[in-house]
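K.L.:
here is my input; please provide its structure:
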Amino acid sequence: MEFGSVVIAVAGVAGTLGASLLTQRGLERAKRREIELVRGYEEDRESHALRRNCYAELNRDARQFNTALNRYVHILRERGVQDTDLAALDAAKDSHRDRYSEAQMIAPDAVLVAARDVNQALNAVYGQLRRLERDAVASGETLEGAAQAQNEVWERIRVMRTAMRRDLGVSPEE
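P.N.:
The predicted structure follows:
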C-alpha cells in the first residue's frame, strides 16, 4: 500500500467519525434547547396559574372586606356594635391583608399599584369607622363621609380587577 492511500483512508475514517460526533453534539444541543423551552413554558404556565389564583382571591377578599365595611356603616347607623359585628369585620380585614401580602410577592408593578390603592382605601375607611364607633373622630370625619368613602372603594376594586385581567391576558391593553 502506498502512503497516500493510507492517509486518504485515515482521513476518510476520521471524517466519518468526526461527522458522527458533530451530529451527536448537534442533537444533544437541540435536545437541551427543547428541554429548556418546555421548562420555560411550564414555569410560565405555573406562574400564570399562581397569579390567577392570587388575583381571584384578592379580588374576592377586597370585595368581602368592602361589603363588611358597608355592613358596619349600617350597624353604626341602626344600633350599637356588638362583639360579633367587630369580629366579622376584623375577619374580612385579616383575610384581605393575607391576600394583599401574597400579591405583594408575585404581582407585577401595574397590578400592585392598583392593589395598594384598594388596600389603603379599605384601611382608611376601616380606621374611620372604628374611630366613629369609639367617638374618637378626627376633624371632619362623619358617618356619611365614611359611607361615601366606602362606596367609592368599589371603583378602585374595579380598576384593580382590570389591571389583574390585563396581566393575565384576559382583557386587552388600552
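K.L.:
if you average pLDDT per helix and strand, which one of the protein comes out bottom?
P.N.:
Lowest by mean pLDDT, DSSP states H and E among the helices and strands of the chain is helix 3-78, with a mean of 78.
K.L.:
name the next helix or strand following that helix along the chain.
P.N.:
helix 83-106 (DSSP states H and E).
K.L.:
could you export that next one as PDB, CA atoms only?
P.N.:
This file holds the C-alpha atoms of helix 83-106, laid out as PDB (Å, rounded to 0.1, in the frame of the first residue of the first chain):
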ATOM      1  CA  ASP A  83     -68.600  41.800  69.500                       C
ATOM      2  CA  THR A  84     -69.800  39.600  66.700                       C
ATOM      3  CA  ASP A  85     -70.000  42.600  64.300                       C
ATOM      4  CA  LEU A  86     -66.500  43.600  65.100                       C
ATOM      5  CA  ALA A  87     -65.300  40.000  64.800                       C
ATOM      6  CA  ALA A  88     -66.900  39.700  61.300                       C
ATOM      7  CA  LEU A  89     -65.300  43.000  60.200                       C
ATOM      8  CA  ASP A  90     -61.900  42.000  61.500                       C
ATOM      9  CA  ALA A  91     -62.100  38.600  59.900                       C
ATOM     10  CA  ALA A  92     -62.700  40.200  56.500                       C
ATOM     11  CA  LYS A  93     -59.900  42.700  57.100                       C
ATOM     12  CA  ASP A  94     -57.500  39.900  58.100                       C
ATOM     13  CA  SER A  95     -58.400  37.800  55.100                       C
ATOM     14  CA  HIS A  96     -57.800  40.800  52.800                       C
ATOM     15  CA  ARG A  97     -54.500  41.500  54.500                       C
ATOM     16  CA  ASP A  98     -53.300  38.000  53.800                       C
ATOM     17  CA  ARG A  99     -54.200  38.100  50.100                       C
ATOM     18  CA  TYR A 100     -52.700  41.500  49.700                       C
ATOM     19  CA  SER A 101     -49.500  40.300  51.300                       C
ATOM     20  CA  GLU A 102     -49.400  37.300  48.900                       C
ATOM     21  CA  ALA A 103     -50.000  39.600  45.900                       C
ATOM     22  CA  GLN A 104     -47.000  41.800  47.000                       C
ATOM     23  CA  MET A 105     -44.800  38.900  46.400                       C
ATOM     24  CA  ILE A 106     -46.000  37.800  42.900                       C
END
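K.L.:
what residues sit buried inside that helix?
P.N.:
Using 16 or more other C-beta atoms under 10 Å as the test for burial, helix 83-106 gives 85, 89, 92-93, 95-96, 99-100, 102-103. Backbone N, C-alpha and C define where each C-beta goes, glycine included.
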